[in-house]
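Chemist: Need a 3D model of the sequence below.
(chains A and B)
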2 protein chains.
Amino acid sequence: MHKVKAYLDCLPKEKAWELWHSRLLASGYFSEFPVETLKVDQALGRVTATCIYAKQSVPHYNGAAMDGIAVRAQDTFGAAETKPVRLRLISSKEAFTPGYCYIVDTGDVMPEGTNSVIMIEDVHVEGNSAEIIAAATPWQHVRIIGEDIVANEMVLPEHKLIAPADIAALLAAGLETVEVVAKPKVTVIPTGTELVAHSRDLKPGTILDVNSHMLCAAITTWGGEAVRHEIIPDNYEQIKKAVADSLKTSDMVITNAGTSAGTEDFTSQILSELGEVIVHGVAIKPGKPVILALVKGKPVVGLPGYPVSAMLTAELFVKNILIQRQMLLKPAVKEVPAVLARQFYSHIGVEEFARVSLGSIQGKTVAVPLSRGAGLISSLIKAQGILAVGKQSPGLPAGAEVTIKLFNEQPQDTILAVGSHDLAIDVLGVFLKRQTGHLLTASNVGSMGGLMAVKNNEAHIAGIHMLDEKSGEYNISFVNKYLTKGTWQLVRLARREQGLMVLPGNPKKIEGLADLVRQDITYVNRQRGSGTRMLLDYILAQQGLAADVIDGYEKEVSTHMAVAATISAGSADTGMGIRAAAIALGLEFIPIAHECYDIILNFPLNDAMADTIITILKLPEFRQEVERLGGYDLSEAGTILAVSGSIANNYDSQTYVKEICS
Amino acid sequence: MHKVKAYLDCLPKEKAWELWHSRLLASGYFSEFPVETLKVDQALGRVTATCIYAKQSVPHYNGAAMDGIAVRAQDTFGAAETKPVRLRLISSKEAFTPGYCYIVDTGDVMPEGTNSVIMIEDVHVEGNSAEIIAAATPWQHVRIIGEDIVANEMVLPEHKLIAPADIAALLAAGLETVEVVAKPKVTVIPTGTELVAHSRDLKPGTILDVNSHMLCAAITTWGGEAVRHEIIPDNYEQIKKAVADSLKTSDMVITNAGTSAGTEDFTSQILSELGEVIVHGVAIKPGKPVILALVKGKPVVGLPGYPVSAMLTAELFVKNILIQRQMLLKPAVKEVPAVLARQFYSHIGVEEFARVSLGSIQGKTVAVPLSRGAGLISSLIKAQGILAVGKQSPGLPAGAEVTIKLFNEQPQDTILAVGSHDLAIDVLGVFLKRQTGHLLTASNVGSMGGLMAVKNNEAHIAGIHMLDEKSGEYNISFVNKYLTKGTWQLVRLARREQGLMVLPGNPKKIEGLADLVRQDITYVNRQRGSGTRMLLDYILAQQGLAADVIDGYEKEVSTHMAVAATISAGSADTGMGIRAAAIALGLEFIPIAHECYDIILNFPLNDAMADTIITILKLPEFRQEVERLGGYDLSEAGTILAVSGSIANNYDSQTYVKEICS
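Modeler: Numbering: from 1, shown residues only, chains lettered A, B, ... in the order given. As a prediction, the model looks like this:
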């Protein structure tokens, strides 16, 4: 293995682009592009390589544009209602003489000698005579040769994206084939000893190569022809050979390094040897270690290994190169103003990018930053736009006015669910889309986070499960305390099972909360403010158990899944969470309580959306779908528990309190 | 042949859509769609048929998220700069004991017993000991199982368009295949005895079938799988059989009638016999005779034969059916406010649609209606948006504030050229796009129309060739007279040849304008206000020829091409126009004069675009390209002749006057 100098420039994004783009421009990469000839009807969505000139005129003959009679206009001059002109109707086989006329249908060739068509409605035909009561103007209702397209005229300019009507124009103008810009061929080489190609080969410490498929798909959407190379392990000579070989047949090569330390330096060293590394390291987060190189006049890009980093850097540095290589205009990026739903920390010295969900709430557009881990594919699939926070900024507070670059020109109408996560929210999203076409995007920040998001009009829906230790009641006291303004409703979604998760077989024979105080039991807890923590503390108090004797009570993680994972990894014997988390990681589940998972609906008064959601919650199909997930009771789903500050009449708060603990 | 009842309902568009859509909805057409299973990496751009749940968690193991040391967080509690904690570094093969730690790289499995990673930068490693000066929190820098996607969680909802990141998510979640909505198969049947499939078979009275190719391409862009049927002549049984056969294998059938009278009634009768005609005739223009039918639970649409009508009705009635059949959300239509550049007449009782070019001129968005003939493919390829004028409106005046529906979300930056047409304008457009990325759209309304468009800030560029009979000077006196406000420049584009066009071989032996007064010669004239008419009148006066003795002087047509076509059709012996028109229709050309074709540039002061255009006009490559067309002299191209009301200093007006006539 070669010794590699690990350097990272950290250029500003704009400077990196300029260095890279100007070198490609100077190398002639954008002007000397390959061309291919296609049959016109195969050229949809391709780009004309040259200006295209008509081979024939359209129409190619003077034809009647209406059903009627073909006349010589001069013969009709002076005609009026009071002074009709009579012309002699002759057959198309007879030669024209002034004063004669012919019956013509739309599209018929204008008989020689005629220059005008009078619509059949305006002619009184009797035997072989036609009576006209208004003069015709020359060439009225005649489609003249070349009226649409003139032979030798330019039909399409060079570098035009061919749309359906362009296909019609090319064919009409007599072209059977068309020269188009060849699709740029891009080879994507996944590198990394830890990568495997198939799920079935996954084991701890290996990573499924999904990036190369994602990048190939992105290249396809940007008009390129993507070729996926097989995985190359972290071997200097093998990577070098793969890059060199791929360049022989490709217009561009992308290497996508594994996330192991030093992998990208491998690539940098290889590209320096094969050609020239123009940029290594850009001051952006995620995506910092991107490599931009030029090898044999072709661009070679080293993209970082985390999926979010790979996608962001491909969008920043690959997309527009491909667009320009195809002689397409750079698509304008649509930006919308929005209000930031949550605080966003940023590092000074790098430009940070956050993917966001967008929704229109009580009249303002709200941007909810998605989890920002570079490895989170889930943030890629939920995002509707991107927020860039400049190098000089330490971050932005909740409520900040920001500008969001949209991924699609038209963001979808989105219902933002912010709060405690539950799988039932996903199911609600499916039913909502079916019924209204709206997309639901969930952002999981816990119950209190959801409550605050509604308070600040930064969420349409908040899922909460917050137990009031004093009353033993769920949710109602919290919404009444915090939501003193606005127009909201608190609605039952489900009762769901909370319990202790343990390893399969329950090796420590844990039977309930009382076991937590045992010396041989370690616990993993949820963070303060989470509904699960509230529930634990309430039951411990009820049962007279002291929290401070539980080994691990102070060890806090922030999701049901983190609890399950901690237990699964053997770092704790048990922890509390919902049954679904236990099922997901194959743990055993000891039920402790049923809790109330409710949703706050934050819509203007009389907004149909709130009613639609409540109707969905009451649908038998919806309830069955959620209950199928395990641990859910939806028999009260859709019940209104409180409305803008007062407890709803149709729910008995006392019954409620009695029922909450099993 | 069957007798057909020719009826036409003329329903309002919205009513027609509602009748049609509600019947398809009731028939279950949108809910019972075919499904196919694809490999995940083949599913880009397809639509999920069902909700898709994760088969595995991502990540599938607890792994280090940083290079560093893996520790048990509890072992580091209390560490500080003043009180470092020392842990014993052991190899990954050795079992964990409290107080031990391991070196890990990003992605490594967390060794059993550890629950936290400290970045290598924050650790002082010496021999087999690691010194830590700050406590680690549990699970810091650890990627926890399921952090991204949890097994059994919904990865993608049903009916989602699969984007590149979705492919990554599906693969990561352990899916190898995905069920997607099958592309709706649509068969397009071109009907009409006058249709031919190939240019080589064209003769007068036949029409090239281009619509079926255009419609198939449109169906493809709307996500359908288009099948083009061979042309069927106007034969009742043949059309009926083609429709019935196509329905066996298609989700939708489109017939596209020829423009001959009565063809569409054929279709209506056939569809009534096979199924049910729900709508025949919609109160729109163009597109009135559209037929919407339901046969064996599938939609069958009869589209009118003119290309613009066919495309408009497909956009109105086919597009959204296909979108909904694929369970896609209906794309929102983007609308922009604009100022109408020209008067637009409309008929009361029908909703009229006009395709428009859009440009931003001196701060306002201007919509220029394109020629509205239903047969003009050229209007389809130039259009950027569509203007709908309601049933109750008799039309709109120039300057009216209108709303334009855009075809693309993002209209291109467009330079609007309005005025007298010249092929050199097309070439200018090509160079402009190369240099600036801006599209040039030309609207041909004659010189005076162009002058008025600049006056009203409804054009960026106007090509004019207007001869002042008094001074014998071109253009300058007109711009100084009419353009008393604004910031404009008049710039020379070309001198071009005007002359008499005659049939090949010049059968009447015409040598010049003097021959026009001969008894055996018929003439075709251009309309008053056109540059060519001005030139003729000027030279006739100079040569002492009387206009009123020219046979056909009163016969006016409005384009160079119409003149050429009139001669080509034998309806006149000669007429005046530019050499290019003669070349286009294979006519002989007798040069009469060189005229000055100049352009007015209407841009704010110091706008770079005006300078860019002038620079292009001076480029040798540009000049050669135009001169190659024949009849052009560009040696003065780019010379500024007048600037906002005063003649430019660098041009000698006297020289100019002397030179104009050859």
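Chemist: Please count neighbours and contacts with C-alpha atoms only from this point.
Modeler: Will do.
Chemist: so what pLDDT did residue A:497 get?
Modeler: You'll see residue A:497 listed with a pLDDT of 93.
Chemist: Spell out the secondary structure type for it.
Modeler: What DSSP: H, G, I helix; E, B strand; the rest coil gives for residue A:497 is strand.
Chemist: Surely it touches residue A:590?
Modeler: No - assessed by Cα atoms under 8 Å, residue A:497 is found out of contact with residue A:590, at 9.5 Å.
Chemist: burial count for residue A:212?
Modeler: 28 (other Cα atoms under 10 Å in any protein chain shown).
Chemist: swap in residue A:200?
Modeler: Residues lying near residue A:200 (other Cα under 10 Å) number 9.
Chemist: How about the residue of chain A positioned farthest from its centre: what's its closest non-neighbour residue?
Modeler: Largest separation from the mean C-alpha position in chain A: residue A:83, at 70.0 Å (Cα atoms, centre = their mean). Distances taken as Cα to Cα, 6 or more residues apart in numbering or on different chains put residue A:133 closest to residue A:83, at 6.9 Å, once the chain neighbours are dropped.
Chemist: Neighbours of residue A:560, how many?
Modeler: Neighbour tally, residue A:560, other Cα under 10 Å: 21.
Chemist: what is residue A:461 paired to in the beta sheet?
Modeler: Counting by DSSP bridges, residue A:461 is bridged to residue A:417, residue A:601.
Chemist: Tell me if I'm right that it and residue A:417 touch.
Modeler: Yes - Residue A:461 is in contact with residue A:417 according to Cα under 8 Å; the separation is 4.5 Å.
Chemist: which other helices and strands contact the strand or helix carrying residue A:22?
Modeler: In the assignment (DSSP states H and E), residue A:22 maps to helix A:13-26. With contacts defined as 3 or more Cα pairs under 8 Å, 6 or more residues apart in numbering or on different chains; DSSP states H and E, the packing partners of helix A:13-26 are strand A:276-280, strand A:291-295.
Chemist: CSV for these, including mean pLDDT?
Modeler: Putting the helices and strands packed on helix A:13-26 into CSV (pLDDT from 0 to 100) gives the following:
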stretch, mean pLDDT
strand A:276-280, 93
strand A:291-295, 95
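Chemist: can you list the weak-confidence ranges in chain A?
Modeler: A:1-9, A:258-265, A:409-411, A:645-662 (pLDDT under 70).
Chemist: wait, what's in contact with the closest residue to residue A:161 other than its chain neighbours?
Modeler: Nearest in space to residue A:161, with sequence neighbours left out and distances taken as Cα to Cα, 6+ apart, is residue A:47 at 4.5 Å. When contacts are counted by Cα atoms under 8 Å, 6 or more residues apart in numbering or on different chains, residue A:47 touches A:158, A:159, A:160, A:161, A:162, A:180, A:181, A:326, A:327, A:328.
Chemist: how close does residue A:47 sit to residue B:303?
Modeler: Computed as Cα to Cα, to the nearest Å, the residue A:47 to residue B:303 distance reads 28 Å.
Chemist: same deal with residue A:572?
Modeler: For residue A:572 relative to residue B:303 (Cα to Cα), the value is 70 Å.
Chemist: which residues touch the nearest residue to residue A:278 once chain neighbours are set aside?
Modeler: Once flanking residues are discounted, residue A:278 sits nearest to residue A:293: 5.1 Å by Cα to Cα, 6+ apart. By Cα under 8 Å, 6+ apart, the residues touching residue A:293 are A:20, A:271, A:272, A:275, A:276, A:277, A:278, A:279, A:299, A:300, A:301.
Chemist: Thanks a lot, see you next time.
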